[in-house]
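Trainee: My questions concern the predicted model and sequence given below.
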Amino acid sequence: MRLNLLAIFAAVYLLVLYAPIVLLPLFAFNDGTVIAFPLRGFTTQWFAALLDTPALHQATFNSLVIAVSTAIFATILGLFAARAATRYGFPAKAGIIGFIMLPLVLPEVIVAISLLIVLMQLGLNSGTWSIIAGHTLICTPFAIAILQGSFANMDRSLEEAAVDLGETAWSTFRLITLPLVSPGIIASLLICFTISLDEFIIAFFLSGNEPTLPVYLWGQLRFPARLPVVMALGTILVILSVLLLVVAETFRRRGLKRAGLKDTGGFL
Amino acid sequence: MSGSLAKMMRSDAGKGLTLVSPTLIYALLLLAAPLASIVLLSFWTQLATVAGQAQFDRTLQLSNYREALTDPLYRALMLRSLRISGMVMLVTVVLAFPVAYFISFHVRPDRKSLWLFLITIPFWTSYLIRVFLWRVILAYDGPVNSGLLALGVIDEPLGWILYNANSVVITLAHAYAPFAILPIFVALEKIDRSLLEAARDLGESKAMTFLRVTLPLAMPGVLAAVLIVFIPTIGDYVTPQLVGGSGGTMIANNIHAQIFALNDRPMGATLAVLAMLIVAMVLLWGIARARFWLWLMDRAGGGFAGIGLALAVAVAEITVIRVAFSQGPALIGAGASVIALLLVATALSAFILWRLPKGRWGI
C-alpha cells in the first residue's frame, strides 16, 4: 500500500515535471495566433516562419560560436582541475576546488553583474567574447564534476604499467589516460555546450548588440504575435537538447562500462 | 633556492598545484576579481552621467548601504525575495523527498539511472520557454483554471495564481526540482540497508525506523538540497519578470533596473553584495537553528515532548525577530535595527555552531 502511494506520487511528480514541455509542441503546431486553449488545427507555418527570420539566424550563429568555444575551454580547464583533484594531494585542496566550484551555487545574476561592471569600468565593449568568458566560468564546475568521475573510475595501475614500460609522463597521458577518460570528455563537452546554449542571464547582461538565441527569444516574448514562432523554436530547442543529453548519457555509461563499474546514477 | 623549488615542483603537492593552477587562475581572474570590484564599487556613489559616461564619487562611503537598508522599497524587496526563495525551498524539498526515497528504495537498481535521467531532462531544456509556459498554464483561461472549472472544483477562474508571488513560487519550485532530488537521492543511497534491518529486528515499527534511522541519515542530503535551491533562486531574474507581475519582483530584477534603466551601478553593486551577505546570514541562521532545535528535541527525550519543546523555542525566537523587525525602526532607526538584528542573530548562530557539535542528524 505504502509502495503504491509512493509510486503514484512519483508518477504524478514526473507528469507535472513534463507538463510545460508537453504543451510546447501542441502550441507550435496549433493554427492560431493566441497561446491558449482550445487548440484550433494543425499547421507547420510557424516552423516555416523560422526560416525567413535573419535576426534569428544571426542569434543562432552567435549562440553556436559561444557554445562550442565554451564547451572546449571549460572542458580543458575542467581536465586540469579534475586530474589534479583525483591524482594529487596539495595544500588547501578543499578550499581551491571549492572556490573553483563556487559558480555552481552562486546566483548567476551575481556572476553576470560583477563581470559586466568590470567590463564597464575597464571601458571594454561586451560581446561574444565576454559571454564565452562568463559561460566558461559557470560551465567549468560541471566539467570538473563529470571528469572527476571518469578520472576516479580509472584503474591507475594501467598508467603505472605504461611508465614502467618506458613511456614518458606526457605519452602515458596521451596514450593511456586520455583514451580511458574520453567518454567523460565527450560527455563534458556536450553538457557544457547544452548549458551555454541555454544560458540566459549572463548572455543578457553581457550581449551588447550581439544577442544569443535565448536573448533573442526573450526579446520576442514581448510581442504576442511572435509567440507561435517562439513555440516552434522552443520545440526544436527541446528536441535538440534531449538528443544531446541522450548522446552524453550514452557516452557516460560507455565510460562506466569501460572502467568495469556498475551504473549508480546520472551526472550532477 | 632554485633546487628546492624544483624539488617542490616534482613533489605530489607541487604537481597538483601546477596542474590546478590554470583553472584556479581563471577563477581568480573572472570570479574573485570581479566580486572584489563590485564590493569596492558598492562603497562609491553615482554622481551624474555626462555624455553617456557615468561619473562616480570615489570616496568610500556607506550611503548606498544606508539607503538600501532604510528605504522601505528595498526592505520590502529584500524580504519578498527571501520569502519567495524560502517558500520555493520548502516546497521543492518536501515534494522531492518522497520521490528520491521512492527511487532509492523501491526502484529496481538497474532502473534507477533511467529514473534520474528522466528527472533531469526537463531541467536541461530551455529555461526561458519552460518559465514562459507556466504563464500559459496558470493563465486566466489556461489549462489549470479550465480544468478545475470543468471538474466543478471552482466556479470562476482563480485570479491569485498568476502575476504574483504564488506563481513565482510554483514556477521556481518546478524549475529547481531536480536540484533537490539528486542530493537527497545520493544521501539515501549511502544508507547501509543493514541498519534498517537491524532497527526492524530490534522491534521498531516501519514508521519509527524511518523517523529514527533513515531520516537522520538523509539529513546531509536534505541540507545540500536546501542550499542548492535557496541560494540560486534568490537571484533569479527570468521567473519574477515573466510570471511575477508587480507583486512578485525580486532582487535580481531591481539590480538589473539599477544598472540598465537607472544607470546607478554602485546601487546595483550594493544590492548584489547585500543579497549575498543576507543569504549567507540567513543560511547560517537556518543551519545553526536546525542543529539547536534537533539537539533540544533529542535532549527532551524525543517524542512529543521533544518536538513540543523544539517548536516552542523556534516559535519564540521567530516571534522575537518579527517584533524586532517591525518595532525596531521606530525605536532605534531603520538601518540600525536591521544591522543590530543581523549581528545578534549571526553572533548567536556562530555561537551555536561553535559550541554544539554535529549531532546524529548530521547537520
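Mentor: Received it, and whenever you're ready, just let me know what you need.
Trainee: where in the chain is pLDDT low?
Mentor: Just so you know, I chose chain A. The model of chain A has pLDDT under 70 over residues A:1-3, A:35-37, A:258-268.
Trainee: let's do chain B instead
Mentor: Low-confidence segments of chain B, defined by pLDDT under 70: B:1-9, B:48-54, B:302.
Trainee: Quick check, the residue in it closest to chain A?
Mentor: B:Gly235 (2.3 Å; CB to the nearest CB). Bear in mind the C-beta positions are built from the backbone N, C-alpha and C, glycine included.
Trainee: wouldn't A:Leu245 be in contact with B:Leu118 here?
Mentor: No. In this structure, A:Leu245 is not within contact of B:Leu118 by CB atoms under 8 Å, at 10.8 Å.
Trainee: For the residue of chain B closest to chain A, list the residues it contacts.
Mentor: Contacts here follow CB atoms under 8 Å, 6 or more residues apart in numbering or on different chains; on that basis B:Gly235 touches A:107-110, B:251-252, B:275.
Trainee: Report the closest residue of the stretch 51-200 of chain A relative to chain B.
Mentor: A:Pro107 (2.3 Å).
Trainee: Could I get the contacts of B:Gly235 in JSON lines, plus columns for distance to B:Thr214?
Mentor: Shown next, in JSON lines, are these (distance: CB to CB, whole Å):
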{"residue": "A:Pro107", "distance to B:Thr214": "32"}
{"residue": "A:Glu108", "distance to B:Thr214": "34"}
{"residue": "A:Val109", "distance to B:Thr214": "37"}
{"residue": "A:Ile110", "distance to B:Thr214": "36"}
{"residue": "B:Ile251", "distance to B:Thr214": "36"}
{"residue": "B:Ala252", "distance to B:Thr214": "37"}
{"residue": "B:Ala275", "distance to B:Thr214": "35"}
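Trainee: Of these, just say which sits nearest to A:Ala169.
Mentor: Closest approach between those and A:Ala169, by CB to CB: A:Glu108, at 38.0 Å.
Trainee: burial count for the closest residue to the closest one other than its chain neighbours?
Mentor: Computed as CB to CB, 6 or more residues apart in numbering or on different chains, the closest residue to A:Glu108 that is not its neighbour in sequence is A:Ile201, at 4.3 Å. By other CB atoms under 10 Å in any protein chain shown, the residues close to A:Ile201 number 25.
Trainee: just checking, A:Ile201 touches A:Leu115?
Mentor: No. Checked against CB under 8 Å, the pair A:Ile201 and A:Leu115 is beyond contact range at 10.7 Å.
Trainee: returning to that earlier point: compare A:Leu245 and B:Leu118 (neighbour count), which wins?
Mentor: More crowded of A:Leu245 and B:Leu118, by other CB under 10 Å: A:Leu245, with 22 against 15.
Trainee: Looking at chain A, which helix is longest?
Mentor: For chain A, the helix that runs over the most residues, judged by DSSP state H, is helix A:54-87.
Trainee: what about dumping the CA coordinates of the helix or strand where B:Arg66 lies to CSV?
Mentor: Here B:Arg66 sits within helix B:63-70, counting by DSSP states H and E. Extracted in CSV, the C-alpha atoms of helix B:63-70 (Å, rounded to 0.1, in the frame of the first residue of the first chain):
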residue,chain,number,x,y,z
SER,B,63,25.5,55.9,1.8
ASN,B,64,24.3,53.2,-0.6
TYR,B,65,24.1,50.7,2.2
ARG,B,66,22.2,53.2,4.3
GLU,B,67,19.7,53.8,1.6
ALA,B,68,19.3,50.1,0.8
LEU,B,69,18.7,49.2,4.5
THR,B,70,16.4,52.1,5.3
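Trainee: mind checking how far B:Val186 is from B:Ile228?
Mentor: Distance of B:Val186 to B:Ile228, given as CB to CB, to the nearest Å: 12 Å.
Trainee: re the thing from before, wait, what's in contact with the residue of the stretch 51-200 of chain A closest to chain B?
Mentor: For A:Pro107, the contacting residues are B:231-232, B:234-236, B:252, B:275, by CB under 8 Å, 6+ apart.
Trainee: near chain A, which residues of the stretch 151-300 of chain B?
Mentor: Within the stretch 151-300 of chain B, the positions near chain A by CB under 8 Å from any CB of the partner chain are B:174, B:177-178, B:182, B:185-186, B:189, B:206, B:227-228, B:231-232, B:234-238, B:242, B:252, B:255-256, B:259, B:265, B:268-269, B:272, B:275-276.
Trainee: are any of these buried, and which?
Mentor: B:174, B:177-178, B:182, B:185-186, B:189, B:227-228, B:231-232, B:234-238, B:242, B:252, B:255-256, B:259, B:265, B:268-269, B:272, B:275-276 (16 or more other CB atoms under 10 Å in any protein chain shown).
Trainee: Of all residues in chain B, which one is nearest the centre?
Mentor: In chain B, the centroid-proximal residue (CA atoms, centre = their mean) is B:Phe230; its distance is 1.3 Å.
Trainee: Now do the same contact list for the residue nearest the centre of chain A.
Mentor: Central residue of chain A (CA atoms, centre = their mean): A:Ile195, 2.3 Å from the mean position. Shown in contact with A:Ile195 (CB under 8 Å, 6+ apart): A:70, A:135, A:138-139, A:142.
Trainee: Phi and psi next, for it.
Mentor: With angles defined as degrees, to the nearest 10, A:Ile195 sits at phi -60, psi -50.
Trainee: From B:Val20, how far out is it?
Mentor: From A:Ile195 to B:Val20 the distance is 22 Å (CB to CB).
Trainee: got it, and B:Ser81?
Mentor: B:Ser81 is 35 Å from B:Val20, by CB to CB.
Trainee: same question, A:His57
Mentor: 40 Å.
Trainee: Which of those two has more residues huddled nearby?
Mentor: B:Val20 (24 against 12).
Trainee: Touching, that one and A:Ala94? I think so.
Mentor: No. B:Val20 is beyond contact range of A:Ala94, at 12.0 Å (criterion: CB under 8 Å).
Trainee: wait, what's in contact with residue 158?
Mentor: In the absence of a named chain, this looks at chain A. A:176, A:180.
Trainee: oops, I was thinking of chain B
Mentor: B:144-145, B:148.
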